[in-house]
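Novice: sharing a sequence plus its predicted fold:
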Amino acid sequence: MPDVDVPGLFGAVPAEKPMRSEYSFDGGTLPADFQWLRTPEPERIFNLTDRPGHLRLIARESIGSWFEQSLVARRQEHHSFRAETVVEFAPDTYQQVAGLTHYYNRHKFHAVAVTLHETLGRCVTILSCNGDYPNGRLSFPAESGVAIAAEGRVQLAMEIRENDLQFFWQTEGKGAWQPIGPILDAGMISDEGGRGEHGSFTGSFTGVFAFDTSGRGKIADFDWFNYDEL
């Protein structure tokens with residue numbers, strides 16, 4: 001193939017994309033990087049007005065639902081990254097769950113979340129679906145989870161390094177980040193995971209979610225969200 005000379009641009013400077021994206025949910029509008037699922041009525045699943053400065057999710061159907069989900073997320077842009085958020089959530093049944101997810105679709109996701117356990121009380125746990133199409137069966141890599149205080153905001157984080165995903169949590173303002181669960185397969189959350197080649201097309205996301213299968217629309221408030229390239 002012959003070489004072709006291409007004239008340069010006078011004064012052009014390479015664009016540098018910031019390695020860190022911080023979202024505070026101020027201003028009353030959802031940042032442009034974020035998307036949501038399946039509804040022309042987003043006010044049913046989230047708003048930024050009921051509690052200014054917070055992304056409020058109104059919990060709807062399960063994170064594995066075909067239909068109405070309260071899930072707001074941004075695209076994964078790097079092979080290795082860290083995402084963090086903080087949630088204020090007071091579940092009164094195990095059917096209410098809110099947290100942070102690495103998400104592709106209803107049968108390919110990993111999530112770390114706050115919920116209620118019959119013996120642990122309020123806890124942090126992991127829900128995972130490893131490409132189980134079409135059944136979408138869940139696994140629980142952290143078993144019943146880790147008991148936490150009955151009140152207070154909880155910070156959640158995930159680190160992905162190539163195909164390895166590790167979740168973390170901490171009670172805001174108390175102690176250091178604690179890992180939870182084993183290293184999970186982040187490679188599953190991709191076009192090639194699960195059903196394999198040509199079975200998926202949307203790309204991988206990271207974001208926040210809430211569900212309430214009791215049907216009562218439990219509220220979860222997220223104060224901020226950070227995304228860092230590693």
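Specialist: Received, thanks.

Novice: just checking, residue 118 touches residue 91?
Specialist: No. The criterion here is CB atoms under 8 Å, and residue 118 misses it with residue 91 at 11.9 Å. C-beta here means a position set from N, CA and C on the backbone, and glycine is covered the same way.

Novice: compare these two (neighbour count), which wins?
Specialist: residue 91 (23 against 8; other CB atoms under 10 Å).

Novice: that one and residue 37: what is the separation?
Specialist: Applying CB to CB, to the nearest Å, the value for residue 91 to residue 37 is 22 Å.

Novice: for residue 229, same thing?
Specialist: Distance from residue 229 to residue 37, by CB to CB: 25 Å.

Novice: the more surrounded of these two?
Specialist: Between residue 229 and residue 37, residue 37 has the larger neighbour count (other CB under 10 Å), namely 20 against 14.

Novice: now residue 79, nearest residue through space, not along the chain?
Specialist: Nearest non-adjacent residue to residue 79, counting by CB to CB, 6 or more residues apart in numbering: residue 162, 5.5 Å away.

Novice: thought residue 44 was touching residue 60?
Specialist: Yes. Judged on CB under 8 Å, residue 44 makes contact with residue 60 at a distance of 7.3 Å.

Novice: find residues that contact each of these two.
Specialist: residue 68 (CB atoms under 8 Å, 6 or more residues apart in numbering).

Novice: so those two - more neighbours on which side?
Specialist: residue 60 (24 against 13).

Novice: list the contacts for the more buried one?
Specialist: Contacts of residue 60 (CB under 8 Å, 6+ apart): 44, 45, 68, 69, 70, 210, 211, 212, 217.

Novice: what about the closest residue to residue 163 other than its chain neighbours, how many residues nearby?
Specialist: Excluding the flanking residues, the one nearest residue 163 by CB to CB, 6+ apart is residue 187, at 3.9 Å. Using other CB under 10 Å, residue 187 is surrounded by 13 other residues.

Novice: now residue 187, what's its secondary structure?
Specialist: Under DSSP: H, G, I helix; E, B strand; the rest coil, the three-state class of residue 187 is helix.

Novice: could you check how far it is from residue 93?
Specialist: According to CB to CB, residue 187 stands 34 Å off from residue 93.
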